[in-house]
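> Just a sequence and a predicted model for now, questions to come.
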Amino acid sequence: MSDPEAGSVDRFAPRGNLRTRAVRGGAVTLGSQGAKLVIQLASTAVLARLLTPEDYGAVAMVTALLGFTILFRDLGLSIATVQRDRITHEEVSGLFWINVLSGFVLMLIIVGCAPLVAWFYRRSDLLWLTYAYAGIVPITSLGGQHQALLQRSMRYGSLAARDIISLIAGVAAGIVCGYNGLGYWALVIMQATTSVVGVCALWWQSGWRPGPPRWAAGLMPLLRFGGTVTLSNVLAFLVQGLDSILLGHFVGAGGVGLYNRAQSLLLRPLDQFMPAAMNVATSAFSRLSSDQPRFERSALQLLAMVACVGGWVVTLVMGTAPWLVALLLGSRWDAVVPILTVLALFAFVRPSASLLGTFLVVRGEPMKVVRWRALSAPVTIAALMAGLPWGPVGVGTMMALSGLLVRTPLFFWYASRGLKIAPGRLFRSCLHYVFSGLLAAIVLIQMRVEWSPEPALLGLVSYAALGTVLYATLVLCRPQGRALVRDMRALVGSLLVDRHKESGKAAAPGVG
C-alpha cells in the first residue's frame, strides 16, 4: 500500500508537457511581474515624497550589515526541494522544521548583534530598527517549503497571486505609515506586512501541512546541497553588500540612501523578467540536466533571451534616467541620476551572469558557485576601495566597470567548464545584445545634450520610444538577433499548438 503522506507530496510533481508548463509558467510570471512593477513604481513615487534619503539610508545600513544572516533562514532547502527528482512528505516536513528552527535562531542572533550595529554606525536609533528586522525573520521562514512545493509543481499562477496580494497589502501599510510621519518605520512595517500576508497566502494556496518534527532518512543529502547553496549566497551578499556598509560608515545615511535608490530603480525593472527566467531554469532545467545536448540547446536559447530583454531594459533606464528619477523620486533626488547611469553599465551583463549561476546550481554544482564567489571577492573589494574616496558615484563606477570588464567575462569562462558548454558559445549568445544596448544608450545620452524635452513624462515617453526603436534596429541588423526572434516566435507557436492538443484531449470524452 502506498504511503498517503508521500502521495501528498507527489501531487506537487510537474504534470504534462514539461516545455509547455515551463513556457506558460514563464509567461504567467512575466505578466505578474509587470503588475508588480506598476504597484512598485506607484509606491516608490508616493513614498519618495513622504520619506527622506536618510530614512532609506538608515534601513539600507541595517540590512547591509546584518542582512546576510537572513540568508540562513532558508539554508538553501527550498532550492533543494525544487531540484530533487523525488522527495517524500517526511523529507519536506523535516526541511520545514529545520527552516523554522533556523528562523528563530537567527532572530536571537540579530537581537544580540543590535548593539554592535548601533555602535558601528554611531547611531543609537538603529538599535530598535535592528530589533524590528529580527522579528520579521522567523515569519518568512514559515513559508519556504510551501513556496518550493508550488514552484516544484510549476504552479506559477498561485505564486503570482500570492506575490501581488502580499505586495499590495505591504505597500498600503507602508504608505499609511509614511503619511502619518513614521519615517523609516514605514519601510519596516511595509516589509513585515508583506511577509505576513505572503506566508498566509502560501499556506492557503499550497494546501500542504507539515508533519510532526522528526528526522527523515533522506534529509542529509538535502542539507548538504542546501548548505552549499547558502554558503554561496552568503559569500555573494558579504561581497556585494560591502558598498552600502562602507558608504554608511564613511559617508553617512544620506549617501547610502542615494546609492540604494539608484540600485532599486535599476534592479526593479530587471527583476520583472528575471524571476520568469529563474523559475524556468530552476524547475525545468533540473529535469534536463541528464540530457546534455538538450540542456545545452535550451540553456543557450534562454541565455540569449535574457541578454536581449536585459539589454533593452538597461538601455531605457540609462537613456531616460533624469526623467525616471524626477517622476518616481522627485526633485530632491537629482543626485541619484549619475549613480544610476554608472551602475547600469554592469546591469547589461548581470542578468546573464545570474542565470549562469542558476544553471550551475540546477546541474548539482553549487560548490562551483561558492568557489567562484570566493575567487572573485578580491576583485570586487579592490574596485570598491578604489571608488570609495569619490563617494557613491565613485563606488558605483568602479563596481560597474569591474563587473562588466573583469568579473563577468571570467565567470563565463569558469561556468563553461561546469556546464560542459564551450565558452565561445556562451559569449556569442550574449555579446551582440550587450554591444547593441551600450551603443543605443550612448546615443540616447548624447541626444539628451541637444534635446531634453519637458515635462518629465514627455521626456520619458519620447526617449523610451526612441531607445526601443534604436535597440531593436541594432539587434535585428545581425543574423543572431533575427534568429532569436524566429526562436521566440517558434516557441510561442509550439505553445499554442500544445495548448490546442490539450484542449482536444480534454474534449474527447464528450464526443460521439
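Nice, I can see it.
> Nearest spatial neighbour of residue 145, chain-adjacent residues omitted?
Spatial nearest neighbour of residue 145, excluding adjacent residues (Cβ to Cβ, 6 or more residues apart in numbering): residue 96 at 4.4 Å. In short, each C-beta sits where N, CA and C put it, glycine included.
> now that neighbour, what's its secondary structure?
Put simply, residue 96 is helix when judged by DSSP: H, G, I helix; E, B strand; the rest coil.
> Does it touch residue 210 like I think?
Yes - if you go by Cβ atoms under 8 Å, residue 96 and residue 210 touch, sitting 4.3 Å apart.
> Of those two, which one has the most company?
A direct count of neighbours by other Cβ atoms under 10 Å for residue 96 and residue 210 places residue 96 higher, at 25 against 18.
> what ranges do the helices span in the stretch 351-500 of the chain?
Secondary structure of the stretch 351-500 of the chain (DSSP state H, counting those that start in this stretch): helices at 366-387, 391-402, 408-419, 423-450, 456-476, 479-507.
> Pick the most buried one from those.
helix 391-402 (a mean of 22; mean count of other Cβ atoms under 10 Å).
> hey, C-alpha coordinates of it in PDB?
What follows is helix 391-402, C-alpha atoms only, in PDB (Å, rounded to 0.1, in the frame of the first residue of the first chain):
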ATOM      1  CA  GLY A 391      31.600  58.700  -2.700                       C
ATOM      2  CA  PRO A 392      28.500  57.000  -4.200                       C
ATOM      3  CA  VAL A 393      29.300  57.900  -7.800                       C
ATOM      4  CA  GLY A 394      32.900  56.600  -7.500                       C
ATOM      5  CA  VAL A 395      31.800  53.300  -5.800                       C
ATOM      6  CA  GLY A 396      29.100  52.800  -8.500                       C
ATOM      7  CA  THR A 397      31.500  53.500 -11.300                       C
ATOM      8  CA  MET A 398      34.300  51.100 -10.100                       C
ATOM      9  CA  MET A 399      31.800  48.300  -9.100                       C
ATOM     10  CA  ALA A 400      30.100  48.500 -12.500                       C
ATOM     11  CA  LEU A 401      33.400  48.600 -14.600                       C
ATOM     12  CA  SER A 402      34.900  45.700 -12.600                       C
END
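> what's that helix in contact with?
Helix 391-402 has contacts (Cβ atoms under 8 Å, 6 or more residues apart in numbering) with 243, 246-247, 251, 255-256, 258-259, 262, 335, 338-339, 342-347, 379-380, 382-384, 386-388, 390.
> With stretch 241-256 instead?
Here stretch 241-256 has contacts from 53-54, 56-58, 60-61, 63-65, 67-68, 120-121, 123, 259-260, 380-381, 384, 388, 391-392, 395-396, 399, using Cβ under 8 Å, 6+ apart.
> one step back: give the residues shared as contacts by residue 96 and residue 210.
Joint contacts of residue 96 and residue 210 (Cβ under 8 Å, 6+ apart) are residue 145.
> thinking again about what came up before, among the helices of the stretch 351-500 of the chain, which comes closest to residue 38?
Across the helices of the stretch 351-500 of the chain, residue 38 has its closest neighbour in helix 456-476 (14.7 Å, Cβ to Cβ).
> Show me what the closest one packs onto, helices and strands only.
Other elements packing on helix 456-476 under the criterion 3 or more Cβ pairs under 8 Å, 6 or more residues apart in numbering; DSSP states H and E are helix 292-319, helix 321-328, helix 423-450, helix 479-507.
> roughly how far out does that helix sit from the chain middle?
25 Å (Cα atoms, centre = their mean, to the nearest Å).
> tilt between that helix and helix 321-328?
Helix 456-476 runs at 140 degrees relative to helix 321-328, counting by axes from the mean of the first three to the mean of the last three Cα atoms, to 10 degrees.
> re the thing from before, can you list the helices and strands packed on helix 456-476 in TSV and add mean pLDDT and distance to residue 195?
Putting those into TSV (pLDDT from 0 to 100; distance: least, Cβ to Cβ, whole Å) gives the following:
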stretch	mean pLDDT	distance to residue 195
helix 292-319	86	27
helix 321-328	89	24
helix 423-450	92	35
helix 479-507	63	34
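> Let's have the ones you listed in a markdown table, adding distance to residue 407.
Converted to a markdown table, these look like this (distance: least, Cβ to Cβ, whole Å):
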| stretch | distance to residue 407 |
| --- | --- |
| helix 292-319 | 16 |
| helix 321-328 | 24 |
| helix 423-450 | 14 |
| helix 479-507 | 24 |
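> Lovely, talk soon.
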